[in-house]
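# Sequence unavailable; structure follows:
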């Protein structure tokens, strides 16, 4: 009789195991427990809110998912429950989790172990045992013949090359170091024809890879989890929180995705507005002045072509944004840009570059500017006065009255220059100097720096006008003069018998 009852119990457990395998929401509601710090006993059965149920179904149906969330909405727990369902019912699978720090990584393992500790009856129905270590959880099925793994890493530069997984869970993605390097390395291991799933979770941080992936068209399904996903949060609670946090409430407790993406404070170019400063491409008239400006290093070539009309309005109309280019390769890219739109384009009046490209290297005694000149690209030294350059760039962004009784900025950017637009939106203010832009993340600085070199050069115009009385040089002559080196300026002064600019 005892054996008969035991066999029936085991058969019922097996049936229950099979049923839970086919119904994710049932599994979560029936077998998942989590920690609620405000509840008696702390560990309580998980009763998902409406937004959490939607999140589970999204994970069930999507290979690539981004969750942009308000704080404390339980989405990390939801993701761990989904991962538990996968590992329990798919012997041999692997879940890799990435966190900001080793402590955070260990916390995910602890939470995963807590989930398993509270579903022992279900695990018995599948003949599953498990062990919990500091950085991983192993699940054994079919008498130990199949092994599933949940392993958690701290984000590091080499982390993306350390695994092949069925599910990659990236927690607080916007705040992880080496995010771009990890994603570049990890993506090929996940993007397999036979499967692979990515779950990205984070609150918003401007300038992060997470923000870029959220904004751009890609394979990710984007899910926003608002502050009021928690039914206990009332409008009165929100207003009290807003009084405590001020404008930061939009970042920590956003009510909409648009609010999460809005300026959380500290944005350097608060003047920049896509509606004002971004325009669709149009044919550049042949009589407009053309300039180019760039920031160059092996880490990035950020090169832009700028057209200036007769009213001194500036249009950034071509972008090169590519890393890892040798000087000869960068030069070839720039030469190709001179054939913009498949036709031989009017060459720039000046090719602007930062002073550091003109510094001679100790070993060769030659500057990078000289190397570009050997490739047929003569550079004009701009100023690296950061504060003045940013002020001049902000002047170009500022809206001014127009003859049509409206207002418009003097600088617009073609929508095809997507990296310039992205970094102008994301660059933050230096925490120690409100007049300067932050230099980290460094990837965000290249394109705005290139535009800054143009702005500081362009605003030499007042000096040029005050000097024009001396010899009546034409506009073209003055442009050539200001694009010249000191020795070449002396030659031009002698050639045109002028006095040169007044001091």
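Looks like it arrived, so ask away. Note that this is a predicted model, so its numbers are computed, not measured. Numbers count the residues shown, from 1 in each chain.
# can I see the domain layout of the chain?
Domain assignment for the chain, taken from automatic domain parsing, gives 2-261, 275-459.
# Show me the residue at the heart of this protein, geometrically.
Centroid check for the chain by C-alpha atoms, centre = their mean gives residue 209 as the closest residue, at 2.7 Å.
# Excluding chain neighbours, what is closest to residue 416?
Setting aside the residues directly before and after it, residue 416 is nearest to residue 281 in space (C-beta to C-beta, 6 or more residues apart in numbering), at 5.8 Å. C-beta coordinates here come from the backbone N, C-alpha and C atoms, glycine included.
# Need the three-state assignment for that neighbour.
Secondary structure, DSSP: H, G, I helix; E, B strand; the rest coil: residue 281 is coil.
# Let me see the contact set for it.
When the contact criterion is C-beta atoms under 8 Å, 6 or more residues apart in numbering, the partners of residue 281 are 317, 414-416.
# Now tell me what touches the helix or strand hosting residue 425 from outside.
Take DSSP states H and E as the rule and residue 425 turns out to sit in helix 418-426. Contacts with helix 418-426, where a contact means C-beta under 8 Å, 6+ apart, come from 206-207, 211-212, 215, 267, 269, 272, 274, 277-278, 302, 304, 316, 319, 321, 413, 415, 443-448, 451.
# before we move on, what about stretch 127-135?
Here stretch 127-135 has contacts from 88, 105-106, 109-110, 112-113, 116, 123, 137-144, 151-153, using C-beta under 8 Å, 6+ apart.
# what distance separates that stretch from the centre of its chain?
36 Å (C-alpha atoms, centre = their mean, to the nearest Å).
# what's the answer for stretch 125-132, then?
With C-alpha atoms, centre = their mean, you get 40 Å for stretch 125-132.
# Just checking, which helix or strand succeeds the one helix or strand residue 336 maps to along the chain?
Following DSSP H and E, one finds residue 336 within helix 327-337. Counting by DSSP H and E, the element after helix 327-337 in chain order, helix or strand, is strand 351-353.
# Point out where this structure drops to low pLDDT.
1, 162, 263-265, 340-345, 404-405, 460-476, 478-490, 496-503 (pLDDT under 70).
# ok, longest helix in it?
helix 2-22 (DSSP state H).
# what's the next secondary structure element after that helix?
Assigned by DSSP H and E, the successor of helix 2-22 is helix 24-31.
# so what does that next one touch, helix or strand wise?
When contacts are defined as 3 or more C-beta pairs under 8 Å, 6 or more residues apart in numbering; DSSP states H and E, helix 24-31 packs onto helix 2-22, helix 50-61, helix 75-89.
# so what does the helix or strand that that helix is followed by touch, helix or strand wise?
Beyond helix 24-31 in the direction of the C-terminus, DSSP H and E gives the next helix or strand as strand 33-35. Contacting strand 33-35 under the criterion 3+ C-beta pairs under 8 Å, 6+ apart are the following elements: strand 43-45, helix 102-117.
# how about 6 Å then?
Using 3 or more C-beta pairs under 6 Å, 6 or more residues apart in numbering; DSSP states H and E as the contact test, the elements touching strand 33-35 are strand 43-45.
# which residues are contacting the strand it packs on?
33, 35-36 (C-beta atoms under 6 Å, 6 or more residues apart in numbering).
# Which one (most neighbours) among those?
Within the contacts of strand 43-45, residue 33 tops the neighbour count with 17 neighbours, counted by other C-beta atoms under 10 Å.
# Who does it form a beta bridge with?
residue 45 (DSSP bridges).
# How about the contacts made by it?
43, 45, 118.
# on that earlier part again, what comes into contact with the longest helix of the chain?
Contacts for helix 2-22 (C-beta under 6 Å, 6+ apart): 27, 89, 124-126.
# Please repeat the previous calculation with a cut-off of 7 Å.
26-27, 30-31, 89, 121-122, 124-126 (C-beta atoms under 7 Å, 6 or more residues apart in numbering).
# circling back: pull out the buried residues from the contacts of stretch 127-135.
Buried members of the contacts of stretch 127-135, scored by 16 or more other C-beta atoms under 10 Å, are 88, 105-106, 109, 112-113, 116, 123, 137, 139-141, 151-153.
# of all these, which comes closest to residue 225?
residue 112 (20.7 Å; C-beta to C-beta).
# so how far is residue 97 from the closest one?
8 Å (C-beta to C-beta, to the nearest Å).
# swap in residue 302?
According to C-beta to C-beta, residue 302 stands 34 Å off from residue 97.
# more crowded one of these two?
The neighbour count for residue 302 versus residue 97, taken as other C-beta under 10 Å, is higher for residue 97 (27 against 24).
# and residue 394, what is it in contact with?
By C-beta under 7 Å, 6+ apart, the neighbours of residue 394 are residue 271.
# meant to ask about residue 381
353, 355, 358.
# What is the neighbour count of the first one?
One way to gauge burial is a neighbour count; for residue 353, by other C-beta under 10 Å, it gives 24.
# Okay, and the beta partners of it?
residue 381.
# That one reaches residue 294, doesn't it?
Yes: if you go by C-beta atoms under 7 Å, residue 353 and residue 294 touch, sitting 5.7 Å apart.
# can you map out the helices along the stretch 251-400 of the chain?
In the stretch 251-400 of the chain, the helices defined using DSSP state H, counting those that start in this stretch lie at 257-261, 274-277, 327-337, 368-374, 386-397.
# Output the ones you listed as CSV; include the columns distance to residue 82.
Listed next are the helices of the stretch 251-400 of the chain as CSV, based on distance: least, C-beta to C-beta, whole Å:
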stretch, distance to residue 82
helix 257-261, 22
helix 274-277, 35
helix 327-337, 44
helix 368-374, 51
helix 386-397, 44
